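**Student:** would you be able to build a 3D model of this:
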Amino acid sequence: MVNSATIQEQKVWDVLANITDPEIPVLSILDLGIVRKVNIYNNSITVTITPTYSGCPAMDVIGSSIKMELLALGFIKVEVASVLSPAWTTDWMSKAGKEKLKAYGIAPPSNKPQVCSLELFAPNEAIQCPQCNSYHTHRISEFGSTACKALYKCDACKEVFDYFKCY
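**Tutor:** Now for the predicted structure:
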C-alpha cells in the first residue's frame, strides 16, 4: 500500500518536472539535473538545487518558480536551498534533456575527446551540428547567448548554433 507521504512527494516531483529553465525553456529543472533533493516535513518543504555554474542569473527565477508552484500545491512553508558542492556537471543532465536540446537547435554537451589544433594551439572539440549532424564545426566564441553556452558554426551546412558547454 502506498502511503500519503509517498503520494505527496510524487506530486512534488511532478511539479518540479514542469518548471523550465528560463534561459532554455525546452528543459525542465529535472532535465538539467539541478534538483538535488526534496525534504518534506508536515506542510513544509525544502528543495535543494545546485546551479549550473555559480552566479547563474536564472537561479533566482527558478527558485521563485519552485516556491510559487509548491505554495500553490498547498505547502505552508517552502524553502529553496542552493548548494555549490559538489559542483554541477553536465553528467547530471538527463538523456532526454540532451535530446531536447538538440531538437531545439542547441548542441548538447559532448564527451568526445578533444584534439589540439597546431595552427591555433587550442583544443578543437568534436561538436556535432544539431541541424545536419556534421562534426565539421568550429567555435566562433567561447560564449554564446548565455555563459553556459559557446557559439559554433557548422562548416557543412553553414548554420551558427549554440553548444551547451561541458562542465
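**Student:** quick one, strands of the chain?
**Tutor:** Under the criterion DSSP state E, the chain contains strands at 35-41, 44-49, 77-82, 106-107, 115-117, 122-124, 137-141, 149-154, 160-164.
**Student:** okay, now the sheet partners of the third one, with direction.
**Tutor:** Based on DSSP bridges, the pairing partners of strand 77-82 within the sheet are strand 44-49 (parallel).
**Student:** please export the C-alpha coordinates of the strand it pairs with as PDB.
**Tutor:** Backbone C-alpha positions of strand 44-49 (Å, rounded to 0.1, in the frame of the first residue of the first chain) are rendered in PDB as follows:
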ATOM      1  CA  SER A  44       6.900  22.400   5.000                       C
ATOM      2  CA  ILE A  45       9.200  21.500   2.100                       C
ATOM      3  CA  THR A  46      12.900  22.200   1.200                       C
ATOM      4  CA  VAL A  47      14.100  21.700  -2.300                       C
ATOM      5  CA  THR A  48      17.800  21.700  -2.700                       C
ATOM      6  CA  ILE A  49      19.200  22.800  -6.000                       C
END
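**Student:** number of residues surrounding Thr50?
**Tutor:** 22 (other CB atoms under 10 Å). From N, CA and C alone the C-beta is placed, and that goes for glycine too.
**Student:** list the contacts of it.
**Tutor:** By CB atoms under 8 Å, 6 or more residues apart in numbering, the contact list for Thr50 reads Ile34, Arg36, Ser82, Val83, Leu84, Pro86, Ala87, Trp88, Trp92.
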